[in-house]
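Q: Model the structure of this input:
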Amino acid sequence: MWRYLTATYEDLYVVGAETGDIAVYGGGPYYRPRINKFQEFVDLYMPFVLGRNPVRRVSLRRPVFNEEVMSSAMIGMGMPVSYARHDRTARALYETAARLLEWWLQYCADEYDILREARLAVTEALVKGRGLLWHGLISTASGLMPASFYESVDNLFIDPAAVTLRDAGYIIRRRRMSSWLAAETLGIDENKLLQYARASLVEREAGSAGGIDERDTDSQVVEYYEVYSRIGSGVAMAESDSELRDWREALESLGPYQFYAIASGGEHPLNVDPERITTESELRAAVEWPVMTFGDTIHPWPVSILDFYPSTTNPWARSPLEPGLPMQVFLDHLYGYVMSQVRRSTRTIVVVPDHVDGRFVDALRNQDADYEVVPITSQQIGELSSSLYQIVEFPAIRSDLITVIQDVERVFNKAVGLDEVLYGATPDKQIRSAAEAQIRYTQASNRAMAMAETVEKWMSSVASKDGILSRLYVPFSQMATFFMEPILAGPDGEPVPGGPLTGVWSTAVTATDAFEAGSDFWFTIESGSGMRKDKAQEISTAQFIAQTLLPVAMQAAGKTGNFEMFNRILERLSNAMDADLGLFRMEPQPVGPPSAGGPPSGPGGPSESPQPPIPPMR
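A: Down below sits the predicted model:
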């Protein structure tokens, strides 16, 4: 199936004469069109499943209990009730950390344009059934930033012993890039890398049928494979004369999560050069995963995988277009014969006696490039007619062919989920009410909505990997630039946070252990934030939220001075109505020093419970 569903769609209709995968139509029509219904499917479904950049959310994993429950628990454990206040303070610290992470992750997604990368992966998932976003770090002016990038699923290889991806002991990623970039990435000499990883040499050894030009042997493009293992090095399986056998004890002591870069012509992994590595610490650093995403124990790999229809017998996925493939191939051939019949039926062939003056024949031929003149004998012309010339007519196109095409297209549309309602077309059955139209649209879009929910979960996984990498590789000193806070020198000259936000990042966000980085926070996507906008539904939802929650938000803000809930509702209304309501955001107003005359007195003297200040309207 996958050999017909390539990333470029070029091999989609290859006829497998030698394998019999698809029947060979002998001879074939004059025209051989490709009625690319698959591209039509992708273009229609893309806005449904990923219409805009989703909003990332971060929350605490730990359960939430009110103070009364915590106090009762502390009394039952014989601990001071004040511990409940301590717990509330710690929660406030981590909730602030969650807000900082939420802002940072959304900033990263906008900065490296994750929507573009995600759409490339979704396109391939719609065609092949699986799309990938690989995770890594990029250097920016302010420091390291987690980023996710699309790469074709053709470059992914999975442990062949695994029945599901969850059971895989290792995965392999094929890399093809410029030699200087590969050498910089792997930290090895470029000339040594070119000796056994040059891409043209790899293709020549593999017997590529593409016809490698001799000049390609000087190409600066290399090809190698990255192995991400969670079952150790496997050096115990190495040949007895391999140099790696001597490193067995050292490699097995490094734990299950190990990384190797392998080239077909190399005698050892590219990142484990015996001439360059002399100590165990150097070896440990060499085989460490480039990004330690294995802290997410459910999805440990440095790649987020989008599967619409996972297979139950292997770690791959089924293409959403698989049911429509036979109809697609048949339609191509059928349209070819119909178009060829149109060409035949519209041609003009004139037969003339062979003794007719040549000037008359030339005059006929000059009428049109498709005007064909055939001289015949007088006896033949007499059998046709006694006139000077005769026009030969061909049979017209049969009307039942159009009916067959419509029936096949209808079967294809049902197989892959292309409903006329999704196009905005008027259905054959008349719709008599708005309610009926909404029901019909909901039924027609069920498959698309299910795919959109799958994409939403996948984007949550992408956000989770970015969050883990942020906690591991983005230090507080880098974030101080964004928070506009200073970095101070500690007692021993080490940098220490010089502001509250930097301090929160250092205390509650930064993690040194991969499993710690993946265990404190939930990284998710706001429900529906990545789907195509249904403006009527969005406005209705926002208005309902404002009517029910806005009074509560205002009352809470008046008591606590915290206007976050009010501003979130305002943001929701702003997005739904495509209006800039940021001018109406509310923030606490600083309380100034009391006047010289003291607080104003009422009939009973000074107010016993001063009211919170009213924030200004901006």
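Q: In terms of secondary structure, what does the longest strand along the chain contact?
A: In the chain, taking DSSP state E as the definition, the longest strand is strand 130-140. Packing partners of strand 130-140 (3 or more CB pairs under 8 Å, 6 or more residues apart in numbering; DSSP states H and E): helix 114-128, strand 143-150, strand 303-307, helix 446-473. (Each C-beta comes from the backbone N, C-alpha and C, glycine too.)
Q: Just checking: what are the partner strands of that strand?
A: Partner strands and pairing direction for strand 130-140 (DSSP bridges) are strand 143-150 (antiparallel), strand 303-307 (antiparallel).
Q: Buried deepest among these, which one?
A: Looking across those with neighbours counted as mean count of other CB atoms under 10 Å, the highest average goes to strand 303-307: a mean of 22.
Q: and residue 466, what does it touch?
A: For residue 466, the residues meeting the contact criterion (CB atoms under 8 Å, 6 or more residues apart in numbering) are 105, 108-109, 135, 146-148, 523.
Q: Who's the closest spatial neighbour of residue 232, skipping the chain neighbours?
A: Counting by CB to CB, 6 or more residues apart in numbering, the nearest residue to residue 232 once its immediate chain neighbours are dropped is residue 256, at 5.3 Å.
Q: Between the strands paired with strand 130-140, which one is closest to residue 182.
A: Between residue 182 and the strands paired with strand 130-140, the tightest spacing by CB to CB is seen for strand 143-150, at 15.8 Å.
Q: Could you write out the alpha-carbon coordinates of the closest one in PDB?
A: Output for strand 143-150, consisting of C-alpha atoms alone and laid out as PDB, is shown next (Å, rounded to 0.1, in the frame of the first residue of the first chain):
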ATOM      1  CA  GLY A 143      19.800  30.900  23.900                       C
ATOM      2  CA  LEU A 144      18.400  27.500  23.300                       C
ATOM      3  CA  MET A 145      14.800  26.900  22.300                       C
ATOM      4  CA  PRO A 146      12.800  23.600  22.000                       C
ATOM      5  CA  ALA A 147      11.500  23.100  18.500                       C
ATOM      6  CA  SER A 148       9.600  20.500  16.500                       C
ATOM      7  CA  PHE A 149      10.200  19.800  12.800                       C
ATOM      8  CA  TYR A 150       8.500  17.700  10.200                       C
END
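Q: Distance to residue 96 for the strands paired with strand 130-140 - can I get that in JSON lines?
A: What follows is the strands paired with strand 130-140, written out as JSON lines (distance: least, CB to CB, whole Å):
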{"stretch": "strand 143-150", "distance to residue 96": "21"}
{"stretch": "strand 303-307", "distance to residue 96": "27"}
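Q: could those strands be laid out in CSV, adding distance to residue 406 and mean pLDDT?
A: Listed next are the strands paired with strand 130-140 as CSV, based on distance: least, CB to CB, whole Å; pLDDT from 0 to 100:
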stretch, distance to residue 406, mean pLDDT
strand 143-150, 37, 94
strand 303-307, 33, 95
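Q: With respect to residue 266, which of those lies nearest?
A: The closest approach between residue 266 and any of these, judged by CB to CB, belongs to strand 303-307 at 23.6 Å.
Q: And stretch 134-144, what's buried?
A: Of the residues in stretch 134-144, those buried under the neighbour-count criterion (16 or more other CB atoms under 10 Å) are 134-137, 144.
Q: Could you single out the nearest of these to residue 316?
A: Each of these was checked against residue 316 using CB to CB; the closest is residue 134, at 17.5 Å.
Q: I figured the closest one was touching residue 173, is that so?
A: Yes: if you go by CB atoms under 8 Å, residue 134 and residue 173 touch, sitting 7.1 Å apart.
Q: Could you name every residue contacting both of these two?
A: Shared contacts of residue 134 and residue 173, defined by CB under 8 Å, 6+ apart, are found at 151, 303.
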